[in-house]
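Asks: Compute the structure for the input listed below.
(one chain, ligands or ions: 1)
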Amino acid sequence: MNQATSPLLQVQDIGFSYPSKRALDNVSFNLERGAFHALLGPNGAGKSTLFALISRLFKLQDGDILLDGVSLRRSPAAVLGRIGMVFQQSSLDLDLSVAENLHYHAALHGIGRTERKNRIEEELRRVDMLDALDRKVRALNGGHRRRVEIARALLHHPDLLLLDEATVGLDPRARIEINQHVRSLCVQQGVTVLWSTHLIEEIHNDDPVTLLHQSRLLANGSARQLCELAGTDDLVTAFHSLTAKKGAAA
Ligand SMILES: Nc1ncnc2c1ncn2[C@@H]1O[C@H](COP(=O)(O)OP(=O)(O)OP(=O)(O)O)[C@@H](O)[C@H]1O
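Replies: Numbers count the residues shown, from 1 in each chain. Now for the predicted structure:
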């Protein structure tokens with residue numbers, strides 16, 4: 001398999017336990033390059049735990065995660081340098097300006113001052129937020145804060161962008177705009193995206209979907225294939241039907 005056709009990310013037999021709870025068990029799936037990949041699952045399915053493992057917030061217990069064949073277990077810094085992350089809870093400093101937040105993050109990634117300035121302008125322009133450069137984050141609405149977080153996550157030019165419930169709490173218009181923007185990053189920049197959501201309308205028929213349920217991989221395929229598996233043409237119905245029963249990998 002050459003690099004261009006091999007998956008960007010390989011999640012291999014991941015297992016993770018909290019002291020009193022098995023949160024992930026034997027989960028394996030791949031992310032294809034440049035794809036907008038959805039991660040679905042009911043509350044408690046293990047989605048945030050999976051994100052915490054890929055982004056190394058938690059240390060791997062069972063299994064491994066490979067990015068371009070490089071092991072997160074063996075080379076965490078090399079893998080993390082190629083991942084951008086947008087968490088469910090905003091992690092911007094409200095009392096700093098947009099520019100200060102972004103400069104701080106870029107400096108953490110070792111990006112030099114001149115290059116930093118160029119990249120900040122480039123990424124803010126992409127999310128139509130360049131005008132907000134000198135505004136305090138506190139003065140921005142929720143949708144605009146999210147855009148800044150997406151710009152921040154892209155400053156080090158990651159190959160993989162992880163977004164955990166990135167549109168939670170936003171109004172419908174901001175949700176649609178952010179979803180469309182992230183999709184355009186896949187098409188125009190070749191960024192691979194893993195997008196976790198409870199909002200099934202954010203998923204398109206051809207999107208690859210990983211469905212977690214009760215710590216296990218319940219299904220993996222396009223949204224259309226999940227519908228076929230459930231014998232329906234509607235993804236919301238498919239989601240409820242597939243997660244109504246205790247599952248095994250499909
Ligand atoms: N710090 C923790 N200690 C113990 N159990 C935890 C902890 N964090 C999560 N869990 C449990 O692990 C399981 C998986 O949780 P996780 O947050 O990964 O699910 P999720 O799919 O992201 O859920 P949600 O959609 O509600 O955010 C759940 O049963 C949860 O209660």
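Asks: contacts, neighbours, all on C-alpha from now
Replies: Fine.
Asks: what's the offset of the longest helix seen in the chain from the middle of its chain?
Replies: Taking DSSP state H as the assignment, the helix of the chain that covers the most residues is helix 172-189. How far helix 172-189 lies from its chain's middle: 13 Å, per Cα atoms, centre = their mean, to the nearest Å.
Asks: Also stretch 74-91?
Replies: In terms of Cα atoms, centre = their mean, the centre of stretch 74-91 is found 10 Å from the chain centre.
Asks: Need the residues that contact it.
Replies: Applying Cα atoms under 8 Å, 6 or more residues apart in numbering, the contact partners of stretch 74-91 are 55-56, 67, 70-72, 109, 145-146, 149-150, 153-154, 156-166, 168.
Asks: And that stretch, what's buried?
Replies: Neighbour-count burial for stretch 74-91, counted by 16 or more other Cα atoms under 10 Å, picks out Pro76, Val79, Leu80, Ile83, Gly84, Met85, Val86, Phe87, Gln88.
Asks: Could you export the residues you listed as a markdown table, including distance to the ligand?
Replies: Output for those, formatted as a markdown table (distance: Cα to the nearest ligand atom, whole Å):
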| residue | distance to the ligand |
| --- | --- |
| Pro76 | 21 |
| Val79 | 21 |
| Leu80 | 20 |
| Ile83 | 19 |
| Gly84 | 18 |
| Met85 | 15 |
| Val86 | 14 |
| Phe87 | 11 |
| Gln88 | 9 |
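Asks: just checking, which of those belong to strands?
Replies: Counting by DSSP state E, the buried residues of stretch 74-91 place Ile83, Gly84, Met85, Val86 in strands.
Asks: Show me what the last one is bridged to.
Replies: Right, Val86. When bridges are called by DSSP bridges, Val86 pairs up with Leu163.
Asks: From Arg146, how far off is it?
Replies: Separation of Val86 from Arg146 (Cα to Cα, to the nearest Å): 8 Å.
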